[in-house]
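Engineer: take this sequence and fold it.
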Amino acid sequence: MDENVAIGPVFIFEIVPMNENVADEIIREVDIDVAGEIVEEEEEIVDIDVAGEIVGEVDIDVAGEIMEEEEEIIDIDVVGEIVEEEEEIVDIDVAGEIVDEEEEIELIDIELEEEEIELIDRDFSVDNATEEIDEEEIIKENDVSPIEEVQQTVPTTDDPMLPVLTFRVWFLGMLSCILLSLLNSFLRYRTEPFLVSIMFIQLVTRPIGNFLAKVLPSTKFRICNSRWEFSLNPGPFNVKEHVLISIFAQTGTAFGGGTAYAVGIVDVIRLFYHKKITFFASWMLVISTQLLAYGLAGIMRKFVVEPAHMWWPDSLVHVSFFRAFHEKDNKKKSREKFFLIALICSFSWYVFPGYFFGVLTSISWVCWAFPQSKTTHQIGSGMNGLGLGSFSLEWSTIFSFLGSPLVAPFSTVVNILIGHLLTLYVIIPIAYYVLNAYHAQRFPIFSLGLFNSKGKEYDVLSIVNDKFEINLHSYEQQGPINFSATFSFTYGISMAATISTLTHVAFFNGKEILGLFQASFKENEGDIHTKLMRKYKDIPNWWFYLILGVSLLLTLHLCIFQKDQIQLPWWSAIFAIGLAFAFTLPMSIITATTNQTPTLDVITQYIMGVILPGEPIANICFKTYGSVSITNAIQFLKNFKICHHMKIPPRSRFLVELTGTTMAGTINLIMGWWLMHDVKNICQHDRLPPDSPWQCFNDRVIFQESIFWGLIGPKRMSGNPGNYFALKLFFLGGALGPILVWLLHKVFPNQKWIPLINLPVTLGAIAMLPQARSATVNSWIAIAIIFHYFVKKHKNCWWQEHNSYILSAALDGGSALMTVLLYFSLQRKGIQPSWWGNEEHCDLAKLPREQLS
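Structural biologist: Residues are numbered from 1 along each chain as shown. This next block holds a predicted model:
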């Protein structure tokens, strides 16, 4: 049925001609199409465009605004309310109800039969009206985003009348930020640290927002007799509120990093080096690095957020999620029910591997089969060995380092699988058992520990003097530091991964990035999304420069007045901030166009290790300001793009992000500070029982980085007198590897699998070892293959309806909530069952192959 055909009663009333200058001639036929209805009049028909355009002699604002004329004022409300005139009051009900007039009432109720209605051709008889519509269609074609994925995902409409910074946003947003900050701060100290994802909050807050919209009073409150007023319930819970709550909450995850990285520096100073740093100095370190990232992102937004060619692939996942849960969809209730069931199951299940039956964390059956064989234990242990055949049934263990296996692309899974098999079951066994490289058999095969030449644990504190610098005399007495075979190899791989990302992007995506960057500068007015965002007030640049200024002042205060606590000289802090300023834009462009984020971690640590050897804390502080701030800025920019796609007013977003960032960093530090005093010997692996959940592997990695690059320095570690000179070759390998793959693709262009080889992904996953246990990676790969290949292939309908993001968020949230509940209800009081089911039973894996006296 044609959309212009009206069904039901239609009313006719007299329209007095007005606003004579609008049209050149009187249109004798009027077609008022407000909601698909037809209104006819004997002499005149006016075509009123629903979008509020002007056709003919009547200018009617569809939003119900007021049209003024010299003699009469007509207010037409499209929802059928009141039309007032100086001499007449007309009540028009658009649905075809009643027309009332104060002095004279004309009511004509015409029952239209379908066969009596002539279909109205959409081609208008008025030439100038046709020209206007054609011009509008041309503009829309030119406004379309140049990126196909954006066209398919991002809505091209906006409702600027939707309430945004509501009470619900502040209440749920701040509550979510506090909750995620506390949870993720708590979980980062665990032996298997994991992150409660933002998807969990996105799913939970939607039904709560709808509930608040039903129960909160809609009364408006005026502030101190001013023109400002607010309501606890301005209307239905809308998508813009949901987006802002999610952005608020995401600051509680340090935008995907879990917690502020600087908190790890505080942990290393207090727990590993046993030095003092005040809470105020710690807070300034955390906040200055977070504000630095936000300021950098704000300055760069004009270059990598507003241009349509900077499309940020990962942001489309979030846009799809919001649309799926706010647009009309019969499957919404089914998804929410599935999420709730999965959340309850995950919550209930975690009590077994997390408390009663710890062996489910790593089922290493090979050790059980050969309980007296050291070699078998080294090969079969999923926690302290190569993990042949081992697997885990604990979700927090499975996704603790590599993220959720349910959301990784299948090509990524294959890359990680190949790298994992080659590393653990080919390269490491050959280096350890055959070559005995760097006297590897004197040390455990799979360990994060630091050892002396006799295989004993290295006494790091003995080579640190009172000034927090290396004591060369003690270092020469104790000798060079040694690593396990797995740790030394994966450390070299981490160097290769950094360089390979830059090389891979340059060769595989270089032309594309350059083309998109050039195209972004050629954009005059931007696409439809940029034009829609111009309805809102933009953020002045000086706001972000002010944030950068505050960050710089805090940093200089630390470096000048509290240098004895963080070691970093003021000039090196400025140097690090300069590096961040120089590299944020190019790395943001890479991420915005390829979804790959390179880092400067190894490069910044190497630079500082050469400039200031022997100062461990200065090294990791330099890395934080010079590299981690870039990564955080990129995460901020991604959220800017999400808000850009979802048409969130920039100033509302600014308030939410700035408030959340400051809150989250402060809460991260407070929770960490409290745990340091509440958990006895937290992070002290030599003083904790073997099955302790407080091993703090993330902080141990930061500690060892400070030793390798800072305390000892790259010259002593990988220079001519050092033990690991060959590690420098990994830089070269990382640079050449992607070039070889690229050349292979050029020689065999028809082989579609060659471009899918992604060395940065492969090397990045390998570099997670040994803090990521072999059982973790085994189970991650197995689950990823099951879901991405078998479930998606054979149960595609179920996969589309109950997608992997929802299941992953439910598993994250359930495990995290039970972890916290177990600690505060039982483990904090020392109530922990000790029996066979809470041990892995691969004790011999921790021993070296050859033990020296």
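Engineer: give me the contact list for stretch 225-233.
Structural biologist: Contacts made with stretch 225-233 from outside it, assessed by Cβ atoms under 8 Å, 6 or more residues apart in numbering, are listed as 167, 212-213, 216-223. Where C-beta positions appear, they are placed from N, C-alpha and C, glycine not excepted.
Engineer: then stretch 371-391?
Structural biologist: For stretch 371-391, contacts defined as Cβ under 8 Å, 6+ apart pick out 361-367, 369-370, 392, 424-425, 428-429, 444-447, 773-779, 782, 840-847, 849.
Engineer: what about the stretch 151-300 of the chain, any weak spots by pLDDT?
Structural biologist: 254-258 (pLDDT under 70).
Engineer: what number of residues lie near the nearest residue to P480 once chain neighbours are set aside?
Structural biologist: Excluding the flanking residues, the one nearest P480 by Cβ to Cβ, 6 or more residues apart in numbering is N723, at 4.9 Å. Neighbourhood size, N723 [other Cβ atoms under 10 Å]: 18.
Engineer: kindly report the same for the one 10 residues further on.
Structural biologist: When counting by other Cβ under 10 Å, one arrives at 16 neighbours for G733.
Engineer: roughly how far apart are the residue nearest to P480 and Q478?
Structural biologist: Separation of N723 from Q478 (Cβ to Cβ, to the nearest Å): 13 Å.
Engineer: same deal with H242?
Structural biologist: Counting by Cβ to Cβ, the gap from H242 to Q478 is 57 Å.
Engineer: these two: which is more packed in?
Structural biologist: When neighbours are counted by other Cβ under 10 Å, H242 and Q478 differ, and H242 comes out ahead with 23 against 17.
Engineer: whatever helix or strand the more buried one lives in - contacts with which helices or strands?
Structural biologist: Assigned by DSSP states H and E, H242 falls within helix 239-250. In terms of contacts (3 or more Cβ pairs under 8 Å, 6 or more residues apart in numbering; DSSP states H and E), helix 239-250 is packed against helix 167-187, helix 198-215, helix 313-326, helix 629-645, helix 650-678.
Engineer: what's the angle from the last one to helix 239-250?
Structural biologist: Going by axes from the mean of the first three to the mean of the last three Cα atoms, to 10 degrees, helix 650-678 is angled at 30 degrees with respect to helix 239-250.
Engineer: point out where the chain drops to low pLDDT.
Structural biologist: In the chain (pLDDT under 70), the answer is 1-143, 254-258, 328-333, 516-517, 520-526, 719-722, 800-803, 852-853.
Engineer: where exactly do the strands run in it?
Structural biologist: 66-68, 73-75, 83-84, 89-91, 100-101, 220-222, 229-231 (DSSP state E).
Engineer: wait, what's in contact with the closest residue to V243 other than its chain neighbours?
Structural biologist: Using Cβ to Cβ, 6+ apart and skipping residues adjacent in sequence, the residue nearest V243 is M646, 4.8 Å away. For M646, the contacting residues are 239-240, 243, 319, 322, by Cβ under 8 Å, 6+ apart.
Engineer: can you redo these as TSV with neighbour count and distance to S411?
Structural biologist: As requested, the contacts of M646 are exported to TSV (neighbours: other Cβ atoms under 10 Å; distance: Cβ to Cβ, whole Å):
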residue	neighbour count	distance to S411
V239	19	32
K240	25	35
V243	27	30
V319	20	23
F322	20	26
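Engineer: now the two most distant members of the residues you listed.
Structural biologist: By the measure Cβ to Cβ, the contacts of M646 have their two most distant members at K240 and V319, which lie 12.6 Å apart.
Engineer: quick one on the thing from earlier: nearest to W283, of the helices and strands packed on helix 239-250?
Structural biologist: helix 650-678 (5.8 Å).
Engineer: which secondary structure elements does the closest one sit against?
Structural biologist: Counting contacts by 3+ Cβ pairs under 8 Å, 6+ apart, helix 650-678 is packed against helix 167-187, helix 239-250, helix 261-267, helix 279-304, helix 629-645.
Engineer: these: which one's closest to I566?
Structural biologist: helix 279-304 (6.4 Å).
Engineer: mind listing what's buried in the closest one?
Structural biologist: Residues 281-301, 303-304 are the ones in helix 279-304 that count as buried (16 or more other Cβ atoms under 10 Å).
Engineer: cool, stretch 213-223 as well?
Structural biologist: For stretch 213-223, a neighbour-count test (16+ other Cβ under 10 Å) marks 213, 216 as buried.
Engineer: first vs last residue of it, how far apart are they?
Structural biologist: 22 Å (Cα to Cα, to the nearest Å).
Engineer: need the contact partners of that stretch.
Structural biologist: Counting by Cβ under 8 Å, 6+ apart, 167-168, 228-237 sit against stretch 213-223.
Engineer: not counting its own residues, what contacts stretch 596-610?
Structural biologist: 494-495, 498, 501-502, 504-505, 572, 576, 579, 583, 587, 590-591, 618-620, 622-623, 626-628, 630-631, 634, 705, 709-710, 713-715, 760.
Engineer: same question for stretch 297-304.
Structural biologist: 310, 520, 539, 541, 543-545, 547-548, 584-585, 588-589, 592, 633-634, 636-637, 640.
Engineer: cool, and stretch 579-592?
Structural biologist: Contact partners of stretch 579-592, identified using Cβ under 8 Å, 6+ apart, comprise 292, 296-297, 300, 303-304, 310-312, 505, 509, 513, 516-517, 596-598, 600, 604, 625-627, 629-630, 633-634, 637-638, 641.
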